[in-house]
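Peer 1: give me a 3D structure for the following:
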Amino acid sequence: MQRTAVNPWDWSLKLGYNQAEIIQGQTCQVICAGQTAVDENGAPQHIGDMRGQIALALDNLETVLKGADMGLENIIRLGIYATDVDEALKHFDLFGMRFGPLQSAPPMTLLGVTRLAIPGLMFEIEATAAA
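Peer 2: This is a model prediction of the structure:
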């Protein structure tokens, strides 16, 4: 798979994502459901702790991708939902720690929402991956 970044402006790079990417040569695509801060039984974790919820949601996303023989480096698009956008943005260094070493900056959208499906959850991340 070949990825070509499209960034007519560079401001998004400072935030850790490309405006767009041209994806060529992929043979497989995986659409991941939204991943949240739940344990293996679906019980919410890290109630009231945005950083903990983001970290666990990313762990869960990695686990799902691993089940498809992929990793974070295969992500070509992220959709992020947060009940408190400002609080979520304070912890986006977690994305830099995960995606930076992979030299990956997939296009993403961050939306503020009133609530998520399970009470107590504050952060959800969905992904599209390709290989």
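Peer 1: can you pull the buried residues of the longest helix along the chain?
Peer 2: Ranked by residue count under DSSP state H, the longest helix found in the chain is helix 50-67. For helix 50-67, a neighbour-count test (16 or more other Cβ atoms under 10 Å) marks 50, 52-58, 60-62, 64-65 as buried. C-beta here means a position set from N, CA and C on the backbone, and glycine is covered the same way.
Peer 1: follow the chain on from it and name the next helix or strand.
Peer 2: strand 75-82 (DSSP states H and E).
Peer 1: elements contacting that next one?
Peer 2: strand 108-112, strand 123-130 (3 or more Cβ pairs under 8 Å, 6 or more residues apart in numbering; DSSP states H and E).
Peer 1: contact partners of the following helix or strand past that strand?
Peer 2: Counting by DSSP H and E, the next helix or strand C-terminal to strand 75-82 is helix 85-89. The contact list for helix 85-89 (Cβ atoms under 8 Å, 6 or more residues apart in numbering) reads 50, 54, 80, 82, 110-112, 122-123.
Peer 1: if we use 6 Å, what do you get?
Peer 2: 50, 82, 112 (Cβ atoms under 6 Å, 6 or more residues apart in numbering).
Peer 1: circling back: what's the most buried one of the helices and strands packed on strand 75-82?
Peer 2: strand 123-130 (a mean of 22; mean count of other Cβ atoms under 10 Å).
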